[in-house]
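A predicted structure for the sequence below; I have some questions about it.
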Amino acid sequence: MVTITELMIPSYANFGGKIHGGILLSLMDKVAYAAASKHSGAYCVTVSVDTVDFLQPIEVGELVSLKASINYVGNSSMVVGIKVISENVKTGEIKHTNTSYFTMVAKDEKDKPMKVPPLILEDKTDVRRFVEAIYRKNLKKEKKESFKNIKKDWNQDKINTLLANERCIQRLNG
Ligand SMILES: CC(C)(COP(=O)(O)OP(=O)(O)OC[C@H]1O[C@@H](n2cnc3c(N)ncnc32)[C@H](O)[C@@H]1OP(=O)(O)O)[C@@H](O)C(=O)NCCC(=O)NCCS
């Protein structure tokens, strides 16, 4: 487990005075890198991010902690689970703001993907996380395939049906 904790300073705020989503993404990428690098003993790159939902806003002055663990390893890839919590330092109130999964790949000196050590699963939670990562990986594949099929069956009737109840107006030129 790797943890990064950072105080949210005023320059991290967006126009609404809350912490900018990009600041959190950058911190998440850092902690994912640290966890993956530590597991593999190698330089790692971010390949994919599995949905980031910002569940609650983070305020300036809060202390944000990002906890990362390796949930799954393939050959060169590792899925890093990241939990973000934010603490109001004055009241001690803690909120869970988001959880996400970053896929990182370890690279060798020639910049090629390299094999990483297997993951030792020490308890039922480790097993559950590993299995969930497999399901998520398979779902991603299925989603990719079904999106390809949607594009294959693309026709104006289907588009018109789909858009009938949406808030858009088609003004096609030609
Ligand atoms: C990711 C990258 C290493 C893949 O290289 P490649 O030569 O295609 O290698 P492979 O096809 O063998 O893929 C390597 C691993 O990445 C995984 N991978 C590739 N694309 C993926 C994706 N979109 N989502 C999840 N995993 C992916 C593969 O499943 C494979 O995993 P495994 O070794 O555990 O089986 C290469 O595309 C790369 O360097 N991308 C840029 C990464 C980067 O710069 N990130 C920073 C973003 S600013």
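Looks like it arrived, so ask away.

got the buried residues for the longest helix along the chain?
Using DSSP state H, we find that the single longest helix of the chain is helix 124-152. Neighbour counts over helix 124-152 (16 or more other Cβ atoms under 10 Å) mark 129, 130, 133, 136, 137 as buried. Every residue, glycine included, has its C-beta placed from N, CA and C.

tell me the one among those residues nearest to residue 42.
residue 133 (19.8 Å; Cβ to Cβ).

next up, the contacts around that closest one.
71, 72, 79, 81, 101 (Cβ atoms under 8 Å, 6 or more residues apart in numbering).

and it, how far is that from residue 76?
Counting by Cβ to Cβ, to the nearest Å, the separation of residue 133 from residue 76 is 15 Å.

residue in the protein nearest to the ligand?
residue 74 (2.3 Å; Cβ to the nearest ligand atom).

make JSON lines out of the contacts of residue 133 and add pLDDT.
Listed next are those as JSON lines, based on pLDDT from 0 to 100:
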{"residue": "71", "pLDDT": "98"}
{"residue": "72", "pLDDT": "98"}
{"residue": "79", "pLDDT": "98"}
{"residue": "81", "pLDDT": "98"}
{"residue": "101", "pLDDT": "98"}
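
so which of those residues sit within strands?
Counting by DSSP state E, the contacts of residue 133 place 71, 72, 79, 81, 101 in strands.

thank you kindly, that will do.
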